[in-house]
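Asks: sequence unavailable; structure follows:
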């Protein structure tokens with residue numbers, strides 16, 4: 001079993017977070033919690049690189065489409081009228097395209113965060129994916145109010161400031177996808193002996 005203190009996850013400060021000057025705030029939230037940033041760089045993603053960030057399997061695309069259809073139902077919206085389709089797979093492909101457009105719309109900051117239960121801890125700090133339901137005190141809850149309904153109406157991705165790996169498997173893919181081995185560093189924070 002790997003050392004729990006060395007679990008790694010990937011965080012992307014998306015173009016909206018970069019343009020709003022939230023890079024330092026995002027890093028501060030992780031470091032204040034005892035996590036450490038072991039890789040950091042500003043990037044401009046190509047369309048191909050942004051596309052391959054996502055799983056893009058039929059199951060994943062259909063799942064995104066189904067979530068979108070649930071949101072339309074919840075708010076009494078007609079998907080045919082709003083986006084011209086009620087097919088979950090087709091809608092999932094649209095949403096995936098909007099996500100790629102967003103990730104390539106400006107610079108992002110990519111980082112590797114390491115620490116105890118880093119994947120779960122980072123997810124807790126960033127908050128729920130949908131900012132409108134993210135709890136106050138989380139990055140998304142404090143710095144975004146966007147919703148799927150508003151994003152879909154604008155035919156765009158949800159502006160939620162950051163991306164964080166959803167689980168250990170996703171983190172492993174994203175580590176290899178966004179970073180080369182020589183870009184990830186190791187060091188010991190001064191308070192590590194006191195904290196754990």
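Replies: Perfect, I can see it now. Worth saying up front: this structure is predicted, and the values here are computed from it rather than measured.
Asks: going forward, measure contacts and count neighbours with C-alpha atoms only.
Replies: Noted.
Asks: any idea what the residue most central in space within the chain is bridged to?
Replies: With distances taken as C-alpha atoms, centre = their mean, residue 163 lies nearest the centre of the chain, 1.4 Å away. Beta bridges link residue 163 to residue 12, judged by DSSP bridges.
Asks: how near is it to residue 54?
Replies: 11 Å (C-alpha to C-alpha, to the nearest Å).
Asks: all helices of this protein, in order?
Replies: In the chain, the segments counted as helices under DSSP state H are 15-19, 23-32, 47-51, 58-74, 79-83, 88-103, 118-126, 139-143, 148-153, 168-178, 192-195.
Asks: in a markdown table: those, plus mean neighbour count, distance to residue 133 and mean pLDDT.
Replies: Formatted as a markdown table, these follow (neighbours: other C-alpha atoms under 10 Å; distance: least, C-alpha to C-alpha, whole Å; pLDDT from 0 to 100):
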| stretch | mean neighbour count | distance to residue 133 | mean pLDDT |
| --- | --- | --- | --- |
| helix 15-19 | 19 | 18 | 98 |
| helix 23-32 | 15 | 19 | 98 |
| helix 47-51 | 15 | 26 | 96 |
| helix 58-74 | 17 | 13 | 92 |
| helix 79-83 | 13 | 22 | 91 |
| helix 88-103 | 20 | 19 | 96 |
| helix 118-126 | 21 | 12 | 97 |
| helix 139-143 | 21 | 7 | 97 |
| helix 148-153 | 16 | 11 | 87 |
| helix 168-178 | 16 | 23 | 96 |
| helix 192-195 | 8 | 31 | 74 |
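Asks: can I get those helices in JSON lines with distance to residue 6?
Replies: Formatted as JSON lines, these follow (distance: least, C-alpha to C-alpha, whole Å):
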{"stretch": "helix 15-19", "distance to residue 6": "27"}
{"stretch": "helix 23-32", "distance to residue 6": "15"}
{"stretch": "helix 47-51", "distance to residue 6": "27"}
{"stretch": "helix 58-74", "distance to residue 6": "29"}
{"stretch": "helix 79-83", "distance to residue 6": "44"}
{"stretch": "helix 88-103", "distance to residue 6": "28"}
{"stretch": "helix 118-126", "distance to residue 6": "8"}
{"stretch": "helix 139-143", "distance to residue 6": "23"}
{"stretch": "helix 148-153", "distance to residue 6": "35"}
{"stretch": "helix 168-178", "distance to residue 6": "12"}
{"stretch": "helix 192-195", "distance to residue 6": "12"}
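Asks: any idea which of those gets closest to residue 132?
Replies: Among the helices of the chain, helix 139-143 comes nearest to residue 132, with 7.1 Å by C-alpha to C-alpha.
Asks: check which helices and strands that closest one sits against.
Replies: On a contact count with 3 or more C-alpha pairs under 8 Å, 6 or more residues apart in numbering; DSSP states H and E, helix 139-143 meets helix 118-126.
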